[in-house]
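Colleague: below: sequence and its predicted model.
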Number of protein chains: 6
Amino acid sequence: MSGQWLQKPAWSWNPTGGETDFVHQWVKPLDETEAPDLIIYGAPISRSSISVSGASMYPEEFRRVWKSFATYNLDEDLDLSPYRVSDAGDVMMHTTDIIGSHSRIQESAKHLAKTYPGAVTCMIGGDHSTTACAVRGIKEAFPDETIGLLQLDTHLDVRDPSELGPANGTPIRQLIDGQTVQGDHIVNIGLHGYYNAKPLIDYAKQHNIQMVSLGKARKNGIIQTLQESLAYLAERTDRVYVTVDMDVLDISAAPGVPASTPGGMSTDELFALLLEAGRHEKAAHIDFVCLDPTKDSPVAQTVKAGVYAWMQFVTGCVMKEPVFI
Amino acid sequence: MSGQWLQKPAWSWNPTGGETDFVHQWVKPLDETEAPDLIIYGAPISRSSISVSGASMYPEEFRRVWKSFATYNLDEDLDLSPYRVSDAGDVMMHTTDIIGSHSRIQESAKHLAKTYPGAVTCMIGGDHSTTACAVRGIKEAFPDETIGLLQLDTHLDVRDPSELGPANGTPIRQLIDGQTVQGDHIVNIGLHGYYNAKPLIDYAKQHNIQMVSLGKARKNGIIQTLQESLAYLAERTDRVYVTVDMDVLDISAAPGVPASTPGGMSTDELFALLLEAGRHEKAAHIDFVCLDPTKDSPVAQTVKAGVYAWMQFVTGCVMKEPVFI
Amino acid sequence: MSGQWLQKPAWSWNPTGGETDFVHQWVKPLDETEAPDLIIYGAPISRSSISVSGASMYPEEFRRVWKSFATYNLDEDLDLSPYRVSDAGDVMMHTTDIIGSHSRIQESAKHLAKTYPGAVTCMIGGDHSTTACAVRGIKEAFPDETIGLLQLDTHLDVRDPSELGPANGTPIRQLIDGQTVQGDHIVNIGLHGYYNAKPLIDYAKQHNIQMVSLGKARKNGIIQTLQESLAYLAERTDRVYVTVDMDVLDISAAPGVPASTPGGMSTDELFALLLEAGRHEKAAHIDFVCLDPTKDSPVAQTVKAGVYAWMQFVTGCVMKEPVFI
Amino acid sequence: MSGQWLQKPAWSWNPTGGETDFVHQWVKPLDETEAPDLIIYGAPISRSSISVSGASMYPEEFRRVWKSFATYNLDEDLDLSPYRVSDAGDVMMHTTDIIGSHSRIQESAKHLAKTYPGAVTCMIGGDHSTTACAVRGIKEAFPDETIGLLQLDTHLDVRDPSELGPANGTPIRQLIDGQTVQGDHIVNIGLHGYYNAKPLIDYAKQHNIQMVSLGKARKNGIIQTLQESLAYLAERTDRVYVTVDMDVLDISAAPGVPASTPGGMSTDELFALLLEAGRHEKAAHIDFVCLDPTKDSPVAQTVKAGVYAWMQFVTGCVMKEPVFI
Amino acid sequence: MSGQWLQKPAWSWNPTGGETDFVHQWVKPLDETEAPDLIIYGAPISRSSISVSGASMYPEEFRRVWKSFATYNLDEDLDLSPYRVSDAGDVMMHTTDIIGSHSRIQESAKHLAKTYPGAVTCMIGGDHSTTACAVRGIKEAFPDETIGLLQLDTHLDVRDPSELGPANGTPIRQLIDGQTVQGDHIVNIGLHGYYNAKPLIDYAKQHNIQMVSLGKARKNGIIQTLQESLAYLAERTDRVYVTVDMDVLDISAAPGVPASTPGGMSTDELFALLLEAGRHEKAAHIDFVCLDPTKDSPVAQTVKAGVYAWMQFVTGCVMKEPVFI
Amino acid sequence: MSGQWLQKPAWSWNPTGGETDFVHQWVKPLDETEAPDLIIYGAPISRSSISVSGASMYPEEFRRVWKSFATYNLDEDLDLSPYRVSDAGDVMMHTTDIIGSHSRIQESAKHLAKTYPGAVTCMIGGDHSTTACAVRGIKEAFPDETIGLLQLDTHLDVRDPSELGPANGTPIRQLIDGQTVQGDHIVNIGLHGYYNAKPLIDYAKQHNIQMVSLGKARKNGIIQTLQESLAYLAERTDRVYVTVDMDVLDISAAPGVPASTPGGMSTDELFALLLEAGRHEKAAHIDFVCLDPTKDSPVAQTVKAGVYAWMQFVTGCVMKEPVFI
């Protein structure tokens, strides 16, 4: 059974009756939900990270912090609670077998995409190596479809897997070289500064990855840029996978993402982008990676931003609904 | 004597002659000042807070940090030193009698408002429960006047006092239910995100609290929004009380406010709003609450922002002066 | 020999062959470079600081953190590696002789300016007292030229050296009173708030220092302001020295600069200004001062911003090159 | 029903089958246990603390950290798992009604003592004000018995409740003045240094509190002192209540106890004392108070010491069992 | 070539002439030393750790901090500088191939032991999984010899590799089950408290691991215990490998070892043990593992203790020398 | 007037009537005291420190933290309040003139010693460079007397002033080379480990400094060692100056002393030594140096230990009194 690696989430044993005012009351364990609109699952691995990372702790912290989030979006005056969100739990990781752990993620992503084709799936990483697994799994679920990748990231993540193995610097290159995703089916928004060495940029150009620096995105309008990017992908591919490397955020907003940098995106910008992304018909999958809660500020600044970011995407999904009616 | 609970501020025993270049030289103890233009006093209580809070330490830290602030506003090229600011000290709090401590705040606020009707009064909290006390005290001082409330806050603070007692989540509801302030005489600017559960929003709508989300305020222009809000209140009420819950600030700007959130107001926005608020004729009272200096960054980032915020309001007051001539 | 106080930089003993993808591979020790385009050197002193400061550790940290910076500017799609950057090492400081240490900085600045007249020189402080030394040294190298000062700073730094000695609050006054630079040949961008006492502002006005508050700069456009400021200086002086007191940054962006304040410049603004400054023909010298890495955040937020800032200036220098052709 | 204020512990909803290797597997919810040997319950209040305290968070952290403790005492080569330990959950606290919260603790302590007279009861505070509540409750459960108090504390905690209310500096005086416990039925081990003002020492002498300074205890032998102290109390009273103010520990061992001091007890000493105390026939009740996990070291040094301390007492209880056979 | 995975240590490029007053001046790169008395090498891996660990950073930090250590042992009035210590650098680790990385450690340990049979070898971990690799490598170098293990550790580290893979909780069991070392050729000193679950203790008893709890060691005398333990091993085996899991230290002494506990060994005790161990003729190999410098205190308390511990062992080695004459 | 550099202490403006229960109530400003038994004064300089140090902040923190210390020594059951302690304030330091600042300390030490010959004087540093100043000043006050030095220190502090100037590594050598104190009139207790390079030990031996390593002191008995050391000095000199470099403490006890090390003295040992030292007839002067409160733990562990240490010395002085009757 391909869902075998998904462990029922711990929190779900503690349902609090019929209330849905807060996120932990609203989200249900997957097996208690019929026809979920959106499924989350965790991929708690970061021993595949080039530098020491506690991103494996993020799924647990994500679920701890969401207790302080209400299910009402005040900005849009929108009650999210009718939307059905399910938690499939975390993919069980092996202590020392990285390749095996990656396979389990791939298998689980495939299982969820295949079993719940009508649901949006959200993976909570883990480091960025998990994205390659999830996209491959989804590709296996829908072998006849092409996948577009919307990447919000400070880095290209196209380092060479033949040198590093399937580490967190390589996922995009794994997908291109493995012919899961075409280079020109990838749009990266958020690149800036001095964080990508020339050989990587050369690779990106050669494979026609669409690089939109943060500066360009701002000049063009953040929302406008996103809409154009999704239109570009929607034209060329069947479904869009959004991958949010939280290091796209400015370092002042994301102390808990070791690779975040000065000159990065503000939380306001990220939140606006994600609401917009959620609204897009083809944005069927998303992940949030590389947030290391062990390095977060004492007030959990980054994890709070991470939950908020996810809520924005969910709000977008909710706002998209009526479109289908 | 209703001013009995005000303890002379410790720092005032240490006057430094005639200099007024820095705030601690400029502010005088209340009893050494004739006809002050503005009075500050502290309400150092936070054991009324729902979660553990050291906001009771804020008045002391506020006065420690103001030593590094000059009395010259460089942006406006304006010397504030001729303006007469007095410090009435802190309201003495009881160690375990929360209701009694609240009464003392109420009594002190009444005393100051009544004794110095020409002065602007500024309360330095303490948690947000103190606002209900201060507003009630001012209402007692001016029983025939209606009070408008300009609230800068991420939250509505209308939780149910019958459940929590007079805790820091309830002050606005205390004032509405106690008929001290009408719901439609309250404007809250700064609400955003997922931080108010639906039942609270329902209460706010039912009582016609004017909710201006941060997003709307930005679209409309921050300053423009404030001017319209004050005009709205000025039309309907006799005096305006400004309450600044420092959690309105973005979490990157306010690590020392445990309830601050991503997606909040920038310090630049808050500073602009407060200067504008200070300029308004009817803005006669202000408080700053919920800043917990024990959780601040090592460089006192939040307390510095708190003093700056207060200075902006004072600058506004100074700039208003000529209007009366 | 006037270059005698410059210690060969420790890192330079460890060249990594012909690669130039990262900064530490690209920068060469001065004596191994012919005709450098740009020279950096460190002035590791901060015992001249009024309050306790570890800014003396900045040169070492600067060189440690630059290893994570690539030599490709993604925003401008520009490969910086052909530009020849040399490291002259650090000026050797005496443990207790502050005046002597200052002389060594002055001598070294003179030596580099005189020996490499075609190169831009960048000093990495140290506290702001080092600026007075460097400018005096450059003046000695070019006694017939007038020097303009572009100061990015929250403070005027015109406190009285007759009271404090050559401390970090006094460099600008040292230069004016010592007739090294005329007051009206100084433009300070970034002043704001309540951080300069009235007597200092009076001094600045009296000596006709051009004060451009951050608020004014923003209204006028940050880049526009910089261009006008440089044009103003270029008209009146022969060469422009840019001094960047990192406390010009907002406190949320610069926890490692003890004197940074709320209401300060964003990193984006600083980065834009420095790229523009680097492009200006007369901007021949720059320093970065007052960054105390011992107080930085655990993820080295401020040092990263400091290296980024320097890279922006270098990018500007590179972009200026064709102009000369 | 007098047990009404006890909330079922959250963790107990998540039993892990029959395993008992670790503490969270071994301890059972009270209502699922027949005839427990030992009962723990939490008293999560610290708004009664003189200074800001997060000791109210201790019961939750205590139960979180015990997951890393095995039920095998390696030093004694003793398997604790056959001993039946139950968790009665936490006493529900009111947000602002301190007196009411104290009554609930008293009522709950009475309830447990009365309902399970054969079980040892362990209260996890909260601040030291909770001790007065628990002792009064136990006195009500056994009105005909005299209670002896073994206090491990750096302080006497005999400040005047008529001044502070039932705050954390007053519990011992509350019990003496309220005639719940006689002064000469109290032995305090661990006093030292300069942490008790003369009037408090005068009060203690006047009421014949047995003060054993840490220095004297060490000279006499720590274990020997404890045995003599318990013998002293056992001769004069019917049951012994042990109260462990964690501030008895040296500040290097207890960063998470704000009132801990240099010159305090080592963890080894405390652990030895508690094992010995647990072995005493009359030691029927214990509490652990004043540990503030919000101030603990990043590796939870103090909470770990707190759980260890409790385990030592439990080991003592287990070792006592055969005595009764 | 079996030494191929050893990277020349970075620091060694920067020799400082003939001075040997400080450790970094005294230790030489292996290839520049003839007939070293002692060789250190690093095994920078911790992605094999059960919980997130930065112990992979320890070799680098170890070599950074040793600069502040003099080569003169003041307690013994002994100049260590004539003793020839060489640094073989770090074993190169693969980013994602844990098994492969482990093989490289094994191979390197074998290479050094075989090539320099007269030298003591010291491995700086890395997590405790590295011990299994090193011991296997040494066994391969001396296939006809039996190896005794002196383990200083709070834990038995005999968890099941069939479940966890070769993770840091399993090395001792790997060695026993793999018949590299016999269970009764292992003495563990330092066990205490509640940190080993019953099944692990059962395994240890079954395999006759000699468990000496810290309490027993203290009663018997720390030094006396060590001497007896080494005598026990020397009688039964050909060479002794000492493995120091730094979590044997008390948590107050070792904040940078996540698994350290209250009730652990003091640094004074560890230092005394290691000097004694170094003096023993058969103690030919040692490692220091599980110290995570990313979690250390701001003043590097734990890394300093780690270097000191190593120096004590070296002192012991030096003091042993004359024995051979 | 040679007392001109002593600034009246800030706290003294805030006397709290006749109470003496706590230290800040008990200590009086010097000029309000007749015939003090003991005088404290601060020497707030640390820019003379080799590495960055905030020890200049210690006098202020010392006086802030003493508010939490009672004037009753519980261990000795001794009321200290009749003893007359005066505070002479801090020596005014120049911002950049280190030599000048040192002269002011010397002059002030001379002034106090000469004016109050019957009083014990206590200097609160500052870094260790201040000791050389103070001892020279006392020598000037009593030119015909020889001074013995009891040094509690991990280091010899005999680095060469001709190289470093009068920095904090040099005071003992300054005094020997300057013939203020003879080498054989110096006893250093507390040396240990690897913290003194061979050339320094050679210097010490050559000048016959009495080095008592911590290990030797423990073997001989800490108190016994101190008594013998003082007897040794008392035989040979007229008055004894005790200098306590707080780095003598173990690093676990003194996180706020950057040079503290593993293997150092425990607070209990230091406290016992200082009580004993205070009792000695000839111990007329003491200083406490090198404690940097900016690096202290969040709960001020080290400053608390510093105040406690001073109180122990004072207790010793009080206990000595009757001897003279």
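Modeller: Alright, I've got the coordinates.

Colleague: and A:D184, that's in a helix?
Modeller: Yes. Under DSSP: H, G, I helix; E, B strand; the rest coil, A:D184 falls within a helix.

Colleague: around chain E, which positions in the stretch 1-150 of chain A sit nearby?
Modeller: Within the stretch 1-150 of chain A, the positions adjacent to chain E are A:46-48, A:50, A:52-54, A:56-57, A:94-99 by CB under 8 Å from any CB of the partner chain. Where you see a C-beta, it was placed from the backbone N, CA and C, and this is true even at glycine.

Colleague: let me see the ranges of the helices in the stretch 51-200 of chain A.
Modeller: For the stretch 51-200 of chain A, the helices defined by DSSP state H, counting those that start in this stretch occupy A:58-65, A:98-115, A:129-141, A:161-164, A:171-177, A:198-206.

Colleague: which one of these is the most hemmed in?
Modeller: helix A:129-141 (a mean of 26; mean count of other CB atoms under 10 Å in any protein chain shown).

Colleague: what's the average pLDDT for that helix?
Modeller: For helix A:129-141, the mean per-residue pLDDT is 98.

Colleague: packing partners for it?
Modeller: The helices and strands touching helix A:129-141, judged by 3 or more CB pairs under 8 Å, 6 or more residues apart in numbering or on different chains; DSSP states H and E, are strand A:38-43, helix A:98-115, strand A:120-125, strand A:147-152, helix A:171-177, strand A:239-245, strand A:283-289.

Colleague: redo those as a markdown table? Include mean pLDDT and distance to D:V212.
Modeller: As requested, the helices and strands packed on helix A:129-141 are exported to a markdown table (pLDDT from 0 to 100; distance: least, CB to CB, whole Å):
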| stretch | mean pLDDT | distance to D:V212 |
| --- | --- | --- |
| strand A:38-43 | 98 | 53 |
| helix A:98-115 | 97 | 56 |
| strand A:120-125 | 98 | 55 |
| strand A:147-152 | 98 | 64 |
| helix A:171-177 | 98 | 64 |
| strand A:239-245 | 98 | 60 |
| strand A:283-289 | 98 | 57 |
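
Colleague: quick one, which of the ones you listed gets closest to chain D.
Modeller: Among the helices and strands packed on helix A:129-141, the nearest to chain D by CB to the nearest CB is strand A:38-43 (17.6 Å).

Colleague: between the closest one and strand A:283-289, how big is the angle?
Modeller: 30 degrees (axes from the mean of the first three to the mean of the last three CA atoms, to 10 degrees).

Colleague: nearest to chain B: which residue in the stretch 101-250 of chain A?
Modeller: Nearest residue of the stretch 101-250 of chain A to chain B, counting by CB to the nearest CB: A:D250, 8.5 Å away.

Colleague: ok, the residue nearest to that residue when sequence neighbours are not counted - contacts?
Modeller: Using CB to CB, 6 or more residues apart in numbering or on different chains and skipping residues adjacent in sequence, the residue nearest A:D250 is A:G264, 3.6 Å away. By CB atoms under 8 Å, 6 or more residues apart in numbering or on different chains, the contact list for A:G264 reads A:154, A:190, A:192, A:214, A:247-251, A:253-254.

Colleague: could you export those residues as JSON lines, including pLDDT?
Modeller: Below are these laid out as JSON lines (pLDDT from 0 to 100):
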{"residue": "A:T154", "pLDDT": "98"}
{"residue": "A:G190", "pLDDT": "96"}
{"residue": "A:H192", "pLDDT": "97"}
{"residue": "A:L214", "pLDDT": "97"}
{"residue": "A:D247", "pLDDT": "98"}
{"residue": "A:V248", "pLDDT": "98"}
{"residue": "A:L249", "pLDDT": "98"}
{"residue": "A:D250", "pLDDT": "98"}
{"residue": "A:I251", "pLDDT": "97"}
{"residue": "A:A253", "pLDDT": "97"}
{"residue": "A:A254", "pLDDT": "97"}
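
Colleague: would you mind measuring from A:R136 to B:K282?
Modeller: Distance of A:R136 to B:K282, given as CB to CB, to the nearest Å: 64 Å.

Colleague: dihedrals phi and psi, A:V212?
Modeller: Per-residue torsions, A:V212: phi -120, psi 100 (degrees, to the nearest 10).

Colleague: name whatever forms a beta bridge with the closest residue to it other than its chain neighbours.
Modeller: Excluding the flanking residues, the one nearest A:V212 by CB to CB, 6+ apart is A:I189, at 4.6 Å. Taking DSSP bridges as the rule, A:I189 bridges to A:L152, A:V212.

Colleague: list the contacts for A:I189?
Modeller: Contacts of A:I189 (CB under 8 Å, 6+ apart): A:150-152, A:212, A:214, A:217, A:225-226, A:229, A:273.

Colleague: just want the most central residue of chain A.
Modeller: Central residue of chain A (CA atoms, centre = their mean): A:D287, 1.3 Å from the mean position.

Colleague: residue numbers of the stretch 1-150 of chain A in contact with chain F?
Modeller: Counting by CB under 8 Å from any CB, no residue of the stretch 1-150 of chain A is near chain F.

Colleague: how close does A:H207 get to A:H185?
Modeller: Distance, A:H207 to A:H185, by CB to CB: 10 Å.
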